[in-house]
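>>> everything below, folded, please.
(4 chains)
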There are 2 protein chains.
Amino acid sequence: MLHDFLWNVDNVVAGLSQDRPRLGRSSTAERVADILRDRISEGFFQPGQRLSEESISEGLGVSRNTLREAFRLLGHEGLLDHRLNRGVFVRLPSVEDVLDLYRVRRVLEGAAVRRKPSEEALAVIKEAVADARRAAAKDDWQGVGTANIRFHQALVSLNESPRIDEAMRQLLAELRLVFHVMENPRAFHEPFVERNLTLVGLIESGRIEEAAAYLDDYLDHAERLLIHAYEPNR
Amino acid sequence: MLHDFLWNVDNVVAGLSQDRPRLGRSSTAERVADILRDRISEGFFQPGQRLSEESISEGLGVSRNTLREAFRLLGHEGLLDHRLNRGVFVRLPSVEDVLDLYRVRRVLEGAAVRRKPSEEALAVIKEAVADARRAAAKDDWQGVGTANIRFHQALVSLNESPRIDEAMRQLLAELRLVFHVMENPRAFHEPFVERNLTLVGLIESGRIEEAAAYLDDYLDHAERLLIHAYEPNR
DNA sequence: AACGTATGGATCGTTGAACAATTCGACAAG
DNA sequence: CTTGTCGAATTGTTCAACGATCCATACGTT
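This is a model prediction of the structure:
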């Protein structure tokens, strides 16, 4: 019987190995990094701001050494800028950075639309689009933004590569830094809600080259809009 | 005059900002990380091997805390595996990892060949090919390997994106781990020397689609060869 | 007004020691 | 052969301390 197979001891044990990563996943430094990452992406710590070792270690109740380990983690994720003997700062992306982020997006998302999408992956994408439209209908621009980001994350996941997923996650985190510097990040995502819908339609109907061309235009437009509205205070 | 523009004070000062990263670049932790990175990529520390905090910190003459910071750096580069309360290990890529590395290569290198190459970038690529052929003629398989890696790094640099260059650097570092586990990594690169030459020819003559197809076949072949020869001891 | 020097405070970089927490192997008991 | 227990070894984390570096300020010189 199928039931017997599923609950066979060996099979259960083998399936357990998937959860292995979750085991090692906890150390004070990593948990501190999680907290800081959240604070940064929600804008509580603003780009350019300096994070004092003393005050933060005291505030979180951890030692300076542990906090420094957390800083190293976030440094390699591109969220923090480590300047020798001066401390760590929340990264303030330059215009050049924004241009490069969009170069990477063109490569990653461009490769994604050229792949034959699986049913499940497509479902996730369409759900993100639907969420964005619902949020837009309710004038919930915060919700539009997060749904839009989830849309692009899901789009890239068509590549079916864990490393590319991770790279996209980091890229979007960096992009969030840019949004926090803009005057009105809310309005930025709005014009792209309908484009997302069109793009999904092209992908679903297998018109790959059209989808790729549409995406290129999409990204060009978004980049231009963003660069125009972005003027980090030097 | 052009001369006046080039040496205008403001322009010179502006150009200086490019060198800024080099200024802060030095701290004990980072230098330790550099040393360990070299040791790992040259195979002195073998994949799967555990790196003892005590012995290494003593051997290098730095404190445990500083060494731990270096470990965090390399951990995020994918070279070290940090297991809670068990220490850090030189990463031993799984077969799944190898498959994923090649997925990323297809995306990154595929995007590269579709771009119109600049003269300088093309020159760097051709030099790498020439080096590989020279090394092969002298039966210097070590040299063939490094030249081959340099070839792919240069190929990806056609994307003209610092972030993509960095990602490729990390990817190749991970791939080197795989080579260190193989029985005879030397022979692996050999069959691809001539393919590199062909690929460059296609790129140079602007036959983009042919180049892309040739690259896909190239990577499929390399991946199959590698997976076949790769059997990490579990 | 621009520049060089001097000074002091604040913060980071690094160390060494200490203790708690966890892992792992060995060994005994069932 | 499996399970429970113990102890050594190693990591995780904290703490205090000191030197090094940066930054702002002030002062005197040209």
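>>> A:Ala112 versus the nearest residue to A:Lys126 once chain neighbours are set aside, what's the distance?
Nearest non-adjacent residue to A:Lys126, counting by Cβ to Cβ, 6 or more residues apart in numbering or on different chains: A:Val200, 5.9 Å away. Any C-beta I mention is one placed from the backbone N, CA and C, and that applies to glycine too. For A:Val200, the distance to A:Ala112 equals 12 Å [Cβ to Cβ, to the nearest Å].
>>> higher neighbour count, these two?
Using other Cβ atoms under 10 Å in any protein chain shown, the more surrounded residue of A:Val200 and A:Ala112 is A:Ala112, with 27 against 21.
>>> CA atoms of the longest helix seen in chain A as CSV?
Counting by DSSP state H, the longest helix found in chain A is helix A:208-229. What follows is helix A:208-229, C-alpha atoms only, in CSV (Å, rounded to 0.1, in the frame of the first residue of the first chain):
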residue,chain,number,x,y,z
ILE,A,208,8.7,34.1,-24.9
GLU,A,209,10.4,36.6,-27.1
GLU,A,210,7.6,39.1,-26.6
ALA,A,211,7.7,38.6,-22.9
ALA,A,212,11.5,39.2,-22.9
ALA,A,213,11.1,42.4,-24.9
TYR,A,214,8.3,43.6,-22.7
LEU,A,215,10.3,42.9,-19.6
ASP,A,216,13.3,44.9,-21.0
ASP,A,217,11.1,47.8,-21.7
TYR,A,218,9.5,47.4,-18.2
LEU,A,219,12.9,47.5,-16.5
ASP,A,220,14.1,50.4,-18.6
HIS,A,221,11.1,52.4,-17.6
ALA,A,222,11.4,51.5,-13.9
GLU,A,223,15.1,52.3,-13.9
ARG,A,224,14.6,55.7,-15.5
LEU,A,225,11.8,56.6,-13.1
LEU,A,226,13.9,55.5,-10.1
ILE,A,227,17.0,57.3,-11.1
HIS,A,228,15.1,60.4,-11.8
ALA,A,229,13.5,60.4,-8.4
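>>> quick one, helices of chain A?
Read by DSSP H, chain A holds these helices, from start to end of the chain: A:2-6, A:9-16, A:20-24, A:28-41, A:53-60, A:64-76, A:95-113, A:119-137, A:141-156, A:162-181, A:185-189, A:193-204, A:208-229.
>>> adding distance to B:Glu231 and mean pLDDT, write those helices out as TSV.
Formatted as TSV, those follow (distance: least, Cβ to Cβ, whole Å; pLDDT from 0 to 100):
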stretch	distance to B:Glu231	mean pLDDT
helix A:2-6	28	60
helix A:9-16	19	60
helix A:20-24	21	63
helix A:28-41	32	96
helix A:53-60	45	96
helix A:64-76	31	95
helix A:95-113	30	98
helix A:119-137	31	96
helix A:141-156	32	95
helix A:162-181	22	96
helix A:185-189	48	81
helix A:193-204	38	96
helix A:208-229	37	96
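>>> export those to TSV and tack on distance to B:Leu51?
Below are the helices of chain A laid out as TSV (distance: least, Cβ to Cβ, whole Å):
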stretch	distance to B:Leu51
helix A:2-6	40
helix A:9-16	28
helix A:20-24	16
helix A:28-41	18
helix A:53-60	26
helix A:64-76	16
helix A:95-113	32
helix A:119-137	38
helix A:141-156	34
helix A:162-181	23
helix A:185-189	43
helix A:193-204	45
helix A:208-229	42
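>>> of those helices, which is nearest B:Asp34?
helix A:64-76 (14.4 Å; Cβ to Cβ).
>>> that closest one and DNA strand C in contact?
Yes. Counting by Cβ under 7 Å from any atom of the strand, DNA strand C has neighbours in helix A:64-76: A:64-65, A:68.
>>> A:Gly48 reaches A:Ser94, doesn't it?
No. The pair A:Gly48 / A:Ser94 is not scored as a contact, 11.4 Å apart, by Cβ atoms under 8 Å.
>>> list residues touching both of the two?
A:Pro232 (Cβ atoms under 8 Å, 6 or more residues apart in numbering or on different chains).
>>> who in chain A is up against chain B?
A:23-27, A:29, A:65, A:68-69, A:72-73, A:76-77, A:82-84, A:86, A:100-101, A:103-104, A:106-108, A:110-111, A:159-164, A:167, A:171 (Cβ under 8 Å from any Cβ of the partner chain).
>>> pull out the buried residues from the residues you listed.
Buried members of the residues of chain A next to chain B, counted by 16 or more other Cβ atoms under 10 Å in any protein chain shown: A:29, A:65, A:68-69, A:72-73, A:76-77, A:82, A:100-101, A:103-104, A:106-108, A:110-111, A:159, A:161, A:163-164, A:167, A:171.
>>> if we look at DNA strand D, which of those are close to it?
Among these, the residues that sit close to DNA strand D (Cβ under 7 Å from any atom of the strand) are A:29, A:65, A:69.
>>> around DNA strand D, which positions in chain A sit nearby?
Contact residues (Cβ under 7 Å from any atom of the strand) of chain A with DNA strand D: A:27-29, A:61-66, A:69, A:84-86.
>>> now, among those, which is nearest to chain B?
Minimum distance to chain B across the residues of chain A next to DNA strand D is 4.2 Å, recorded for A:Leu84 (Cβ to the nearest Cβ).
>>> what's that closest one sitting at in phi/psi?
Dihedral angles of A:Leu84 (phi, psi; degrees, to the nearest 10) stand at phi -60, psi 130.
>>> that one contacts B:Ser26, doesn't it?
Yes. Applying Cβ under 8 Å, one finds A:Leu84 in contact with B:Ser26, separated by 6.8 Å.
>>> can you name the residues that contact A:Ser94?
By Cβ under 8 Å, 6+ apart, the contact list for A:Ser94 reads A:Pro232.
>>> gap between it and B:Ser63?
Distance, A:Ser94 to B:Ser63, by Cβ to Cβ: 35 Å.
>>> could you do A:Leu219 as well?
From A:Leu219 to B:Ser63 the distance is 47 Å (Cβ to Cβ).
>>> so which of these two has more stuff around it?
A:Leu219 (17 against 13).
>>> surely that one touches A:Val104?
No. Counting by Cβ under 8 Å, A:Leu219 sits too far from A:Val104 to count as a contact (10.5 Å).
>>> how about A:Ser161: what's its closest non-neighbour residue?
Leaving aside its chain neighbours, A:Ser161 sits nearest to B:Arg103 (4.2 Å; criterion: Cβ to Cβ, 6+ apart).
>>> pretty sure that neighbour sits against A:Glu160.
Yes. B:Arg103 is within contact range of A:Glu160, at 7.2 Å (criterion: Cβ under 8 Å).
>>> ignoring the adjacent residues along the chain, who's closest to A:Asn196?
Per Cβ to Cβ, 6+ apart, closest to A:Asn196 is A:Val129, 4.9 Å.
>>> quick one: residues contacting that neighbour.
A:147, A:151, A:193, A:196-197, A:200.
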